[in-house]
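Undergrad: Got a sequence here, can you model it:
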Amino acid sequence: MKAKLGMSPIAWWNDDLAELSDDVSLEECLRQSRSAGFTGMEKGRRFPDDPDIMLPILKAADVTLCGGWFSGTLVDEDISANQDRIQPMIDLFKAVDAPCIVYGEVGRSIQGDRSKPLASKPRLSDDEMKAYAVKVTRFGEWCADQGMPLSYHHHMAAVVETEPELDAFMNHSGPGIPLLLDAGHLAFAGGDVLRAIDNHHARINHVHVRDIRRSVVESLDRGKQSFLDAVALGAFTVPGDGSLDFGAIVQALADYGYEGWFVVEAEQDPRANPPLRMAQVGHAELMQVMTAADYTVETQGFPTH
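TA: Coordinates of the predicted model:
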């Protein structure tokens, strides 16, 4: 089986917490990640939106674009409004041959609001969850028809955060909206990552291999501290530096035949945790567990065809 290893630029620049950002260029971010062994990078705010500008940068770094976040608002807004906003992203991602767009629901979410404690996250009723899942499925089907599949990102502080919420969303949605499995977010929410893989493996088309520091997560006062507080305190890190058993997680995905991207997304203080060093730690851990699970990790970055 084949796997590809990518990173998110959030280790270098944090869009929500400016103090957790390195003052490095896109080119330096790509150079560091590639030197650590990663062949892909998800889109961040310093990426150009013009494929004629982006492609030479990716080629020079020998890196491919392996995804990127879209801030969806389907829980509150019409499909048409989201279609209008995502269309330029679809055009860009098709032009640079990216595998998918990551759909993150920001409607009602408190993930970017430091004044809102974790316990105040939005919750949907059973009827609301069913209607939402059907709506997201329709949107996913439309995006796929445009030539760019989505990958639904369950996320802390959003409407689909916990394992029961994920199960409900998956139960009411359809194959038109594939799943991004994020081990760190699910573990942070108290979920069982291996059980989620067992339950939803058929829909997983993208994986974030984010680790957590369980001591930080368990010490949080969720009635007072926010998601961004948790990030600033170091709740997340790279595989090999945290508390999750990525050997078991990767083996479970291999057992179900998952092939594709494993992306390290680990936002934390770059001064205390230099991104290049953390990239090297994460890559070393992933190569070890990938080898044990009989994955062949692709080493080519920018496609030559």
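
Undergrad: mind checking the SS state of Tyr152?
TA: Three-state assignment for Tyr152 (DSSP: H, G, I helix; E, B strand; the rest coil): strand.

Undergrad: Pull the contacting residues for it.
TA: Neighbour list for Tyr152: 103, 136, 140, 160, 169, 173, 177-180 [criterion: CB atoms under 8 Å, 6 or more residues apart in numbering]. The C-beta positions use only the backbone N, C-alpha and C, and glycine is treated the same way.

Undergrad: How about Gln280?
TA: Contact analysis of Gln280 by CB under 8 Å, 6+ apart lists 36-37.

Undergrad: Torsion angles phi and psi at Leu65?
TA: phi -80, psi 120 (degrees, to the nearest 10).

Undergrad: Spatially nearest residue to it, not counting backbone neighbours?
TA: In space, not counting the residues next to it along the chain, Leu65 is nearest to Ala98; the distance is 4.5 Å by CB to CB, 6 or more residues apart in numbering.

Undergrad: ok, how many other residues are close to that neighbour?
TA: Per other CB atoms under 10 Å, the neighbour tally for Ala98 reads 20.

Undergrad: isn't it right up against Gly67?
TA: Yes. Ala98 is within contact range of Gly67, at 6.3 Å (criterion: CB atoms under 8 Å).

Undergrad: Touching both of those two, which residues are there?
TA: Contacts common to Ala98 and Gly67, judged by CB under 8 Å, 6+ apart, are Lys43.

Undergrad: Just give the number of residues close to Gly223.
TA: By other CB under 10 Å, 9 other residues sit near Gly223.

Undergrad: so what's the residue most central in space within the chain up against?
TA: When CA atoms, centre = their mean is applied to the chain, the residue found nearest the centroid is His208 (4.8 Å). Taking CB under 8 Å, 6+ apart as the criterion, His208 is in contact with 8, 153, 180-185, 263-265.

Undergrad: any idea how far it lies from Phe139?
TA: Counting by CB to CB, to the nearest Å, the gap from His208 to Phe139 is 21 Å.

Undergrad: Show the contacting residues for His153.
TA: Counted by CB under 8 Å, 6+ apart, His153 has contacts 69, 102-104, 180, 182, 185, 208.

Undergrad: sorry, that was for Val217
TA: Applying CB under 8 Å, 6+ apart, we find Val217 in contact with 187-188, 230, 235.

Undergrad: switch the cut-off to 7 Å
TA: With contacts defined as CB atoms under 7 Å, 6 or more residues apart in numbering, Val217 is in contact with 188, 235.

Undergrad: Offset the numbering so it begins at 40, please.
TA: From this message on, residue numbering opens at 40, which makes the last subject Val256.
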